[in-house]
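> Here's my sequence, what's the structure:
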Amino acid sequence: MNRYLPDINTVLALLDPLHVHHDDAHHWYEAVSPVQLLICPHVENGVMRIASQPRYPNHLGTAANVREILKKFIDQLDVKHCTSEPSLLDEKILKSPEQLTTSSISDLYLLAVALSNGAKLATFDQRIKSSAIQGGKKALEIIHAS
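Model (predicted):
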């Protein structure tokens, strides 16, 4: 069975029916199923932080409310928690430190987490420089938006 770690935006798209990529995320999920989704604290915290902001277009309530929505999502889809969280300080993981920028840290970290958990990072973000992570190219799943 394929294993995927959806990034923050992908989880938001799966959860939020008004998200611009909601339908695309669900089409992707159906196309790759059966699948094992993974989640890590970085993604959990990001989803709670973004979806609970009053400026989020489809504000999902307080952080506590979003936490409950996320817990239901995890339970309903039998999402597993990542057991390995690598460090970008490890030179065996980050093979191109020069590609590490303030805007790429989270993406490259999540790519490394996916890889270390035998999964692919599922994302809409086509700008991720997967070559910066050892084995990163094979661990990146770009979800195409329609």
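
> Any buried residues in stretch 78-92, and which?
Going by neighbour count (16 or more other C-beta atoms under 10 Å), the buried part of stretch 78-92 is 79, 82, 86. Every C-beta, even on glycine, is put in place using the N, C-alpha and C of the backbone.

> now these in CSV, with secondary structure, distance to residue 101 and pLDDT?
As requested, the buried residues of stretch 78-92 are arranged in CSV below (DSSP: H, G, I helix; E, B strand; the rest coil; distance: C-beta to C-beta, whole Å; pLDDT from 0 to 100):
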residue, secondary structure, distance to residue 101, pLDDT
79, coil, 29, 97
82, coil, 24, 98
86, coil, 19, 96
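
> mind putting those residues in JSON lines, distance to residue 7 included?
Shown next, in JSON lines, are those (distance: C-beta to C-beta, whole Å):
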{"residue": "79", "distance to residue 7": "14"}
{"residue": "82", "distance to residue 7": "13"}
{"residue": "86", "distance to residue 7": "16"}
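
> of all the residues you listed, which comes closest to residue 124?
Proximity of these to residue 124 (C-beta to C-beta) peaks at residue 79, which lies at 18.6 Å.

> nearest residue to the closest one other than its sequence neighbours?
Nearest residue to residue 79 in three dimensions, chain neighbours excluded: residue 37, at 4.6 Å (C-beta to C-beta, 6 or more residues apart in numbering).

> Surely the one you found touches residue 76?
No. Using C-beta atoms under 8 Å, residue 37 makes no contact with residue 76, being 10.6 Å away.

> ok, the two, which is more surrounded?
Neighbour tally, residue 37 and residue 76, criterion other C-beta atoms under 10 Å: the higher count belongs to residue 37, 23 against 8.

> how many other residues sit next to residue 94?
Residues lying near residue 94 (other C-beta under 10 Å) number 21.

> Next: the one 10 residues further on.
A total of 16 residues lie near residue 104 under the criterion other C-beta under 10 Å.
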